[in-house]
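Asks: Okay, structure incoming, though there's no sequence with it:
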């Protein structure tokens with residue numbers, strides 16, 4: 001399904017988008033990737049949504065990526081004697097400990113020994129999405145005596161963030177381990193890993209996934225920002241999860257971090273998603289705010305591969321309108337000549353392999369001659385993401401024999417995926433590319449395309465051929481060698 005823009009749209013599914021008609025309508029409106037949030041819904045609900053997505057994919061003959069988002073460890077305080085909780089005042093003392101006794105105005109249980117083991121005096125604890133801030137005065141293996149520096153209402157099971165220290169916690173909880181095995185067996189394409197602090201967290205998930213899904217790391221903790229280069233190297237993709245990142249860091253620090261992470265991800269040819277609160281008001285309103293539209297546009301101008309809807313499509317009253325809004329904003333931004341200038345000015349030269357040189361040459365040829373599309377044959381998807389890194393001005397057509405590769409590439413900027421039969425000769429590859437370009441409406445018989453492939457065929461990592469070819473099969477057979 002050809003889109004009027006290159007950036008991809010990720011839509012989260014939930015109670016508001018739970019049946020065939022709605023999920024199909026969301027895909028037709030512009031959703032390229034569907035996110036299954038493992039924090040909500042049991043395995044039977046996740047399985048049902050997965051099956052519906054695959055039905056839509058089959059009915060529309062359009063590869064769709066499915067992203068399963070693991071919950072990660074959830075750090076929460078215990079319960080209070082009063083269900084209404086208590087108000088904490090600035091300057092008062094407040095104690096966190098392992099005592100399961102119900103809390104009051106002076107203390108509450110924090111049932112996470114790992115936090116106490118990592119804390120030091122002066123560390124900050126953020127409660128209820130950062131609405132309450134505590135400063136640790138003294139601490140031990142089972143307690144932390146704190147001073148309230150930002151007051152507010154605290155109540156049962158409110159979340160706790162610890163921005164200042166590395167917690168001795170694995171990114172995968174017991175629930176995550178079960179969910180990971182379930183969704184990998186189910187057949188998701190991407191696995192989003194929460195609570196990433198270090199590259200070892202990604203490597204653990206990759207070992208458990210065992211090639212059944214690509215690993216996407218959510219950057220939502222200050223330590224993940226600090227260790228980003230190693231995390232990026234270990235990951236297949238990145239999500240800039242601005243929600244928790246904005247809780248644990250000053251909010252004014254998030255925009256430059258977003259820009260830096262996008263640029264590094266693009267330079268590494270790894271898809272990057274910008275997520276959280278992009279069109280938040282559309283949960284309840286059919287129209288976004290101007291600030292939200294500007295936020296979405298900014299992420300697109302920065303060169304992100306994808307933009308994401310969370311509650312807007314999962315639980316909101318206007319899921320189709322939210323996807324349509326994102327689609328329209330993206331089309332408008334990408335039609336702006338300034339967008340092209342910004343994207344091309346931010347392109348980095350990567351010439352470390354033959355494939356790097358081939359895709360760079362393909363982009364340069366396409367931009368200096370009358371070329372309608374860059375067509376690449378890819379087994380693993382690597383060549384296609386390298387082409388996407390170049391951000392060419394012409395469409396990218398990825399041809400593959402592997403449906404899993406086609407689905408994963410639905411997350412990559414500007415990539416249009418087509419299934420191809422096995423090819424043994426380059427002439428056959430050119431013919432298949434020409435047919436795909438015509439079928440998709442990217443070119444007609446009078447046009448030319450650039451074709452990249454690797455010999456021997458059907459072998460990952462062998463991209464070594466580039467050819468300018470006509471879309472007319474009669475000319476191909478008359479002029480193409482092999």
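Replies: Nice, thanks for sending it over. As the structure is a prediction and not an experimental result, all values here were calculated from the model.
Asks: what about the strands in the stretch 201-350 of the chain?
Replies: Taking DSSP state E, counting those that start in this stretch, the strands of the stretch 201-350 of the chain run over residues 214-219, 237-241, 272-275, 306-309.
Asks: possible to save those strands as JSON lines with distance to residue 180 and mean neighbour count?
Replies: Placement of C-beta: from N, CA and C, glycine included. Formatted as JSON lines, the strands of the stretch 201-350 of the chain follow (distance: least, CB to CB, whole Å; neighbours: other CB atoms under 10 Å):
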{"stretch": "strand 214-219", "distance to residue 180": "10", "mean neighbour count": "26"}
{"stretch": "strand 237-241", "distance to residue 180": "16", "mean neighbour count": "27"}
{"stretch": "strand 272-275", "distance to residue 180": "19", "mean neighbour count": "27"}
{"stretch": "strand 306-309", "distance to residue 180": "20", "mean neighbour count": "26"}
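Asks: could you dump those strands to TSV with distance to residue 249 and mean pLDDT?
Replies: Output for those, formatted as TSV (distance: least, CB to CB, whole Å; pLDDT from 0 to 100):
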stretch	distance to residue 249	mean pLDDT
strand 214-219	11	98
strand 237-241	12	98
strand 272-275	16	98
strand 306-309	19	98
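Asks: Generate CSV for those, with distance to residue 324 as supplementary columns.
Replies: CSV is the format used below for the strands of the stretch 201-350 of the chain (distance: least, CB to CB, whole Å):
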stretch, distance to residue 324
strand 214-219, 25
strand 237-241, 23
strand 272-275, 18
strand 306-309, 11
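Asks: which stretch among these comes nearest residue 17?
Replies: strand 306-309 (9.7 Å; CB to CB).
Asks: What strands line up against that closest one, and which way round?
Replies: Strand 306-309 sits in its sheet next to strand 8-13 (parallel), strand 272-275 (parallel), going by DSSP bridges.
Asks: which intervals of this structure have sub-threshold pLDDT?
Replies: Of all residues in the chain, those with pLDDT under 70 make up the ranges 458, 461, 477-482.
Asks: Which helix runs longest in it?
Replies: Scanning the chain for the longest helix, with DSSP state H as the assignment, gives helix 43-60.
Asks: who touches that helix?
Replies: Helix 43-60 is contacted by residues 1, 13, 18-20, 23-24, 27-28, 34, 36, 38, 41, 62-64, 66, 68, 179, 182-183, 186-188 when judged by CB atoms under 8 Å, 6 or more residues apart in numbering.
Asks: Going through the residues you listed, which ones are buried?
Replies: Buried members of the contacts of helix 43-60, counted by 16 or more other CB atoms under 10 Å: 13, 23-24, 27, 34, 36, 38, 41, 62-64, 66, 68, 179, 183, 186, 188.
Asks: Which members of the residues you listed occur in helices, if any?
Replies: When DSSP H defines the helices, the subset of the buried ones among the contacts of helix 43-60 inside them is 23-24, 27, 179, 183, 186.
Asks: In JSON lines, list those along with distance to residue 379.
Replies: Formatted as JSON lines, those follow (distance: CB to CB, whole Å):
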{"residue": "23", "distance to residue 379": "29"}
{"residue": "24", "distance to residue 379": "30"}
{"residue": "27", "distance to residue 379": "26"}
{"residue": "179", "distance to residue 379": "29"}
{"residue": "183", "distance to residue 379": "24"}
{"residue": "186", "distance to residue 379": "23"}
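Asks: what's the farthest-apart pair in those residues?
Replies: Based on CB to CB, the longest span within these runs between 24 and 179 and measures 25.8 Å.
Asks: which residues touch the stretch of helix or strand residue 383 belongs to?
Replies: Counting by DSSP states H and E, the element that carries residue 383 is helix 382-390. By CB under 8 Å, 6+ apart, the residues outside helix 382-390 that reach it are 266-267, 269-271, 305, 347, 350, 355-356, 358-360, 362-363, 374, 376-378, 396, 398, 409, 412-415, 452, 454, 460-461, 463.
Asks: Next, the angle from that helix to strand 237-241.
Replies: Angle, helix 382-390 to strand 237-241, by axes from the mean of the first three to the mean of the last three CA atoms, to 10 degrees: 40 degrees.
Asks: Report the contact partners of the residue nearest the centre of the chain.
Replies: Nearest to the mean C-alpha position of the chain, by CA atoms, centre = their mean, lies residue 273 at 3.7 Å. Going by CB under 8 Å, 6+ apart, residue 273 touches 10, 216, 237-240, 304-308, 411.
Asks: Including distance to residue 162, could those residues go into a markdown table?
Replies: Below are those laid out as a markdown table (distance: CB to CB, whole Å):
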| residue | distance to residue 162 |
| --- | --- |
| 10 | 28 |
| 216 | 24 |
| 237 | 26 |
| 238 | 22 |
| 239 | 21 |
| 240 | 20 |
| 304 | 28 |
| 305 | 30 |
| 306 | 29 |
| 307 | 29 |
| 308 | 25 |
| 411 | 31 |
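Asks: Which one of these is nearest to residue 151?
Replies: Closest approach to residue 151 among the contacts of residue 273 (CB to CB): residue 240, at 30.3 Å.
Asks: any chance you could map the strands in the stretch 1-150 of the chain?
Replies: Using DSSP E, counting those that start in this stretch, the strands found in the stretch 1-150 of the chain span residues 8-13, 33-37, 65-69, 86-88, 93-97, 107-109, 124-127, 132-140, 143-150.
Asks: now what about the first one, what contacts it?
Replies: Residues external to strand 8-13 that are found in contact with it (CB under 8 Å, 6+ apart): 17, 23, 26, 30-37, 49, 67, 69, 273, 275, 305-314, 319, 322-323, 326-327, 330, 410-413.
Asks: tell me the angle of it relative to helix 43-60?
Replies: Using the same axes, to 10 degrees: strand 8-13 against helix 43-60 is 140 degrees.
Asks: could you check the angle strand 65-69 makes with strand 8-13?
Replies: Counting by the same axes, to 10 degrees, strand 8-13 lies at 60 degrees to strand 65-69.
Asks: how far away is residue 54 from residue 62?
Replies: Going from residue 54 to residue 62 by CB to CB, to the nearest Å gives 11 Å.
Asks: likewise residue 45?
Replies: For residue 45, the distance to residue 62 (CB to CB) stands at 24 Å.
Asks: returning to what we had before: using neighbour counts, pick out the buried residues of the longest helix of the chain.
Replies: In terms of neighbour count (16+ other CB under 10 Å), helix 43-60 has its buried residues at 46, 49-50, 52-53, 56-57.
Asks: Just the closest of these to residue 154, please.
Replies: Taking CB to CB as the measure, residue 154 lies nearest residue 46 of these, at 32.3 Å.
Asks: that's a helix at residue 469, yeah?
Replies: No. Under DSSP: H, G, I helix; E, B strand; the rest coil, residue 469 falls outside any helix and is assigned strand.
Asks: Who are the contact partners of it?
Replies: Residue 469 neighbours (CB under 8 Å, 6+ apart): 430, 433-434, 448-451, 476, 480.
Asks: can I get those in CSV with distance to residue 130?
Replies: Converted to CSV, the contacts of residue 469 look like this (distance: CB to CB, whole Å):
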residue, distance to residue 130
430, 56
433, 51
434, 55
448, 55
449, 51
450, 49
451, 52
476, 60
480, 61
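Asks: Many thanks, have a good one.
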